[in-house]
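Asks: Need coordinates for the following:
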Amino acid sequence: MTSSRKFGFTLIELLVVVAIISLLSSVVLTSLNSARAKARDAQRLSDLREVQKAVELYYFDNFSYPSTSNAWHGTCSTYGSYGTSGSGGYIPNLAPTYMPVFPTDPKPIGTSGCYLYRSNGSDYMFLVHLTVEGTVPDSLKRPLYPTQKDFAVYSPNASNW
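Replies: Residues are numbered from 1 along each chain as shown. Below is the predicted model of the structure:
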């Protein structure tokens, strides 16, 4: 009499292992997406500060801000699909003299979520418009729209744009 004993896993054991692996991978992917969103917001803040410095340097040299005739200019289609350099850039004549090229949003949303600039020559506002994924610090909120997902820097008289 020989005993034939089979070694291996049952179907139930395999299904349990697959379920555990699926659960763990979904937790890891969720935390990874959160980290990516934070990284994109950090990039947006860096871009905001870089543009602010370049605009202020332009003002120091020219005694006015680069003007868009008081209209919003941006890289998204709702705001004109302007370029990232030169006189046709969304900040006219700022690049390449004051910065190599203008930054663009790391994850633009729709046709109106992008970087925007507006100036009448004596005042300006630069916006990271409708793409912020985390919390907006009070110091970067747009006063006229405090609940919008925008980062904003501006000259004092442009606070209500």
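Asks: ok now do G80, which residues does it touch?
Replies: By Cβ atoms under 8 Å, 6 or more residues apart in numbering, G80 lies in contact with W72, H73, G74, Y90. Just so you know, the C-beta spots here come from the backbone N, C-alpha and C atoms, and that holds for glycine as well.
Asks: And the pLDDT for it?
Replies: Per-residue confidence (pLDDT) for G80: 92.
Asks: Pop out the phi and psi values for it.
Replies: With angles defined as degrees, to the nearest 10, G80 sits at phi 100, psi -10.
Asks: what separates it from S67, distance-wise?
Replies: When Cβ to Cβ, to the nearest Å is the yardstick, G80 and S67 sit 15 Å from each other.
Asks: Mind jotting down where the helices sit in this protein?
Replies: According to DSSP state H, the chain carries its helices in the segments 11-62.
Asks: for the chain, which spans come out with low pLDDT?
Replies: Counting by pLDDT under 70, the low-confidence segments of the chain come to 1-4.
Asks: repeat that for 80
Replies: Scanning the chain with the threshold set as pLDDT under 80 gives 1-7, 30-31.
Asks: Enumerate every residue touching D150.
Replies: L127, V128, H129, L130, V132, V136, K141, R142.
Asks: And the last one, how close does it get to E13?
Replies: Distance of R142 to E13, computed by Cβ to Cβ: 57 Å.
Asks: what about those two, which has more around it?
Replies: For R142 and E13, the more surrounded residue by other Cβ atoms under 10 Å is R142, and the numbers stand at 20 against 10.
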